[in-house]
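Visitor: Structure for this input, please:
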Amino acid sequence: MRVNVFAAFLLSMVLTPHYIASVSTVQPYQMNYRVVLETTIVNGGQDDFDLTLNSYTDPSVPLFVSSELQSVRVVDCSHQLEEVIDRDGNPVGRFVINTVLHKGGSLTLSVEYLATVYLTDQRRSGPTPLLGPEHSGTKSEIPSSLVNNYCKAGGPWSLDDADDSWHKLRELASQLAGNESNVLAIALRLVEWVGKNVKYPGNRRDRISLPNETLAHLEGDCDEQSNLLISMLRHVGVPAFLQTGALYVPSREVDQTLLSGHVRSIMSSISWHAWSMAYVPPWGWLPFDMTIGYGGGSPTEAISDAASATLSTIIAGSIITTDYVSEGNRAATELKRSEIHISEKQSIQPAAISAPRQDLVPILITVSALVLFGMGIVGGYLLARMKRRTQSY
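Guide: Okay, the predicted model is just below:
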């Protein structure tokens, strides 16, 4: 079962312990959501098909784990789920089924989650009221274990590639960072350059761009811009990885076909998103959201206005070493050559709001404001896209 997480449609990623390090004590205010993912796979060919051979048909789903930011559990599923660990160390639910889909056959896989997103102190005030380079630590304060694990070439971040396009990426990152040692100052320079020079695609593409391609074309969506930022951060010695999430967007209703008609995607009030996570002392892991967060003003918006800071986002997972881009592009090419057709339905709907009885009115006002803010994210995001398309890059 393929999960359409930010145009990759590949890996069923879940949240690892790499969430923001400075999360405060959980408050009793929360938003509850029901998330439903359903996929129907039809084999219209003359041969049997092994579902595990293609990322789009792989019978697995994310198992959103619980943290100080959220609690997620499976409440219903079409078939028994078995928990396994993926290559990035994330738990994934695999359906216990016969993975061979016979010719002319069809299979429907579905799962329903109850997700609770908490209004923590972290989400009330942001990572810190003193977020600025003057309060940031230097690269020498980053633990060496993080540098070893999160600054190396790997996944879609082929920093050791000898191709000229990767050389240009490394050269640009070095020029932007210069001799600066302040970690936040370095990160904000890179954020500002990517935000002002890379535009959001005007048309939908089946193929996902690698970071060097995003730089070459100065065009990329949320994960493509994030991967470009991660590549540059890793090159200059700042640990970084990719994180994904499902956004509750009440006004979003989508019915589209992809991959030359091989995939039909129906999405109700749900949008998948991706952002960078970078280690910045003394705060630890911070989100850098290039498309919803950064709007062309101060680059600190990428942190303070990141989608992951709102009650409208259910954090889905992290990509640390897996090259989901290359794998996804290969899987898409193979699927378009096959007789396999996929129909997926995905939705998020609010389930309930809970709060202490004695403080109900101010809490409802606060949560209502947060919900309205979440609804406004998409409007602001689309407006920012329109503005950025009119600029010259």
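Visitor: make it CA atoms for all contacts and neighbour counts henceforth
Guide: OK.
Visitor: So for residue 308, what's the nearest residue that isn't a sequence neighbour?
Guide: Of all residues not flanking residue 308 in the chain, residue 315 sits nearest, at 6.9 Å (CA to CA, 6 or more residues apart in numbering).
Visitor: Kindly apply the preceding question to residue 70 instead.
Guide: The shortest distance from residue 70 to any residue that is not its chain neighbour, by CA to CA, 6+ apart, is 4.4 Å, and that residue is residue 117.
Visitor: Quick check: the residue nearest to the spatial centre of the chain vs residue 307, distance?
Guide: Taking CA atoms, centre = their mean as the criterion, residue 244 is the residue nearest the geometric centre of the chain, at 1.9 Å. Separation of residue 244 from residue 307 (CA to CA, to the nearest Å) stands at 10 Å.
Visitor: what touches both of the two?
Guide: With CA atoms under 8 Å, 6 or more residues apart in numbering applied, the contact sets of residue 244 and residue 307 do not overlap.
Visitor: before we move on, the earlier item: isn't there a strand covering the residue nearest to the centre of the chain?
Guide: Yes: counting by DSSP: H, G, I helix; E, B strand; the rest coil, one finds residue 244 located in a strand.
Visitor: Please, where are all the strands along the stretch 201-350 of the chain?
Guide: Secondary structure of the stretch 201-350 of the chain, counting by DSSP state E, counting those that start in this stretch: strands at 240-258, 263-280, 284-288, 313-319, 340-354.
Visitor: could I get the ones you listed as TSV with mean pLDDT and distance to residue 189?
Guide: Below are these laid out as TSV (pLDDT from 0 to 100; distance: least, CA to CA, whole Å):
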stretch	mean pLDDT	distance to residue 189
strand 240-258	96	15
strand 263-280	97	14
strand 284-288	96	12
strand 313-319	93	23
strand 340-354	90	36
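Visitor: Show me which of the ones you listed has the highest average neighbour count.
Guide: For the strands of the stretch 201-350 of the chain, the largest average neighbour count (mean count of other CA atoms under 10 Å) is found in strand 313-319, namely a mean of 26.
Visitor: for that one, packing partners?
Guide: With contacts defined as 3 or more CA pairs under 8 Å, 6 or more residues apart in numbering; DSSP states H and E, the packing partners of strand 313-319 are strand 106-118, strand 240-258.
Visitor: and the last one, which strands flank it?
Guide: Strand 240-258 has these partner strands in its sheet, going by DSSP bridges: strand 263-280 (antiparallel), strand 313-319 (antiparallel).
Visitor: Only the buried residues of stretch 193-211, if you could.
Guide: Buried positions in stretch 193-211, judged by neighbour count with 16 or more other CA atoms under 10 Å: 194-196, 198-200, 207-211.
Visitor: Mind checking which of these land in helices?
Guide: The helices, defined by DSSP state H, take in 194-196, 211 from those.
Visitor: Dump the residues you listed into CSV; add pLDDT and distance to residue 187 as well.
Guide: Rendered in CSV, the data for these read as follows (pLDDT from 0 to 100; distance: CA to CA, whole Å):
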residue, pLDDT, distance to residue 187
194, 98, 11
195, 96, 12
196, 96, 14
211, 98, 17
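Visitor: just these now: which is nearest residue 104?
Guide: Nearest to residue 104 out of those is residue 211 (CA to CA; 39.5 Å).
Visitor: If you drop the residues flanking it in sequence, what lies closest to that closest one?
Guide: When the adjacent residues along the chain are set aside, residue 211 lies closest to residue 228, with 4.5 Å between them (CA to CA, 6+ apart).
Visitor: Fine by me, thanks again.
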